[in-house]
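Enquirer: Need coordinates for the following:
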Amino acid sequence: LGEVAAWGLAAGAGALTAVSLGGLARGRTGWAWVQGRFGRYRGTVRRTGLVWLNPLLARRRVDVRLRHWRSEPLPAVDADGVAVRVVLHVVWRVTDTARAAHAVDDVPRHLGECAEAALARVVSRRPVDAFRPGVPTLRHTEAVAEELTGLVAGAAAVAGLEVFAVQPVRIEYAPEVAAAMGRRRLAALDVLHRDTLLGEAVDAVEETVRRLTARGLVELDGYERKALVRDLTVAFCTGWTAGN
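Expert: The predicted structure is shown next:
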């Protein structure tokens, strides 16, 4: 009987030693061990080197380093109802390991969904290109990035994520409308160029007529003044157009 008890004690000690050794793990810089039991959070171990974790608790390794995420072209519709595609670059990290491990199933996927929802909201407020002056557009990337960062950071915080920056790295029209919008943009630029050219020509004509009359080089009645202005305007516009 004593021998059986001794063997039982030795077997128990061996089993206890095996279980204890099973709790040994390696802690790495930039990673954390999240422990839990039956879906409940039991703590996080962030130490590096050889660490001992309770072998009776489930463990999960979580990356807490600074990370970068670049999206595929995301579809959206701008303020003019035009289909666009935007590529986003997000800088983020996990700060709350308990939430990251238990609040969502897939942290990168959750971050992507937050970014896509924020993009749809921001893009709907602005056109890609302004065909009229004084309208903020999606080409003002600094303002767009600031709005996106605020929205994504707020949505991702519930999953224990800290978002440092969300930057649109490419904004383009969807393939089905790209050709038409390209022609519209060129036409708008041409109109803007003509308006600028005409304004410069009028200013130059006005200054020329003023100098001629101020120095007494010409004396003009109303009809002659109109004729001179017309001829000078045509001459200036023709010369600048030929030069360009």
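
Enquirer: alpha carbons only for contacts and neighbour counts from here, please
Expert: Will do.

Enquirer: Would you agree E176 falls within a helix?
Expert: Yes. Membership of E176 in a helix is supported by DSSP: H, G, I helix; E, B strand; the rest coil.

Enquirer: what about it, distance to R85?
Expert: Distance, E176 to R85, by Cα to Cα, to the nearest Å: 11 Å.

Enquirer: ok, now T44?
Expert: 40 Å.

Enquirer: and if you look at R125?
Expert: 15 Å.

Enquirer: So which of the two has more stuff around it?
Expert: For R125 versus R85, neighbours defined as other Cα atoms under 10 Å are more numerous around R85 (18 against 15).

Enquirer: For that one, list each beta-bridge partner.
Expert: P75, E172 (DSSP bridges).

Enquirer: Contacts only, for it.
Expert: 73-76, 171-174 (Cα atoms under 8 Å, 6 or more residues apart in numbering).

Enquirer: ok, now how distant is it from P73?
Expert: Relative to P73, R85 is positioned 5 Å away (Cα to Cα).

Enquirer: Check R210 too.
Expert: 57 Å.

Enquirer: Which one of the two is surrounded by more residues?
Expert: Neighbours of R210 and P73, each counted by other Cα under 10 Å, are more numerous for P73; the result is 15 against 12.

Enquirer: Look at the more buried one and report its pLDDT.
Expert: pLDDT recorded at P73 is 93.

Enquirer: count of residues packed around the nearest residue in space to it that is not next to it in sequence?
Expert: Counting by Cα to Cα, 6 or more residues apart in numbering, V87 is the residue found nearest to P73 once chain neighbours are left out, at 4.7 Å. Using other Cα under 10 Å, V87 has 17 other residues around it.

Enquirer: who touches V87 in this structure?
Expert: Residues near V87 by Cα under 8 Å, 6+ apart: 70-74, 168-171.

Enquirer: Pull out the buried residues from those.
Expert: 168, 171 (16 or more other Cα atoms under 10 Å).

Enquirer: Identify, from the contacts of V87, the entry nearest to A204.
Expert: Closest to A204 out of these is I171 (39.5 Å), distances taken as Cα to Cα.

Enquirer: show me where this protein has strands.
Expert: Secondary structure of the chain, counting by DSSP state E: strands at 24-27, 31-37, 40-45, 49-52, 58-63, 67-70, 74-77, 83-94, 161-173.

Enquirer: now these in TSV, with distance to T149?
Expert: Formatted as TSV, the strands of the chain follow (distance: least, Cα to Cα, whole Å):
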stretch	distance to T149
strand 24-27	32
strand 31-37	25
strand 40-45	28
strand 49-52	35
strand 58-63	21
strand 67-70	13
strand 74-77	16
strand 83-94	8
strand 161-173	5
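
Enquirer: Quick one, which of these gets closest to A117.
Expert: strand 74-77 (9.6 Å).

Enquirer: And that closest one, what does it pack against?
Expert: Contacts defined by 3 or more Cα pairs under 8 Å, 6 or more residues apart in numbering; DSSP states H and E place strand 74-77 against strand 83-94, helix 107-123.

Enquirer: Save the ones you listed as JSON lines, and put in mean pLDDT too.
Expert: Shown next, in JSON lines, are those (pLDDT from 0 to 100):
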{"stretch": "strand 83-94", "mean pLDDT": "94"}
{"stretch": "helix 107-123", "mean pLDDT": "94"}
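
Enquirer: Generate JSON lines for those, with distance to A130 as supplementary columns.
Expert: Below are the helices and strands packed on strand 74-77 laid out as JSON lines (distance: least, Cα to Cα, whole Å):
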{"stretch": "strand 83-94", "distance to A130": "14"}
{"stretch": "helix 107-123", "distance to A130": "13"}
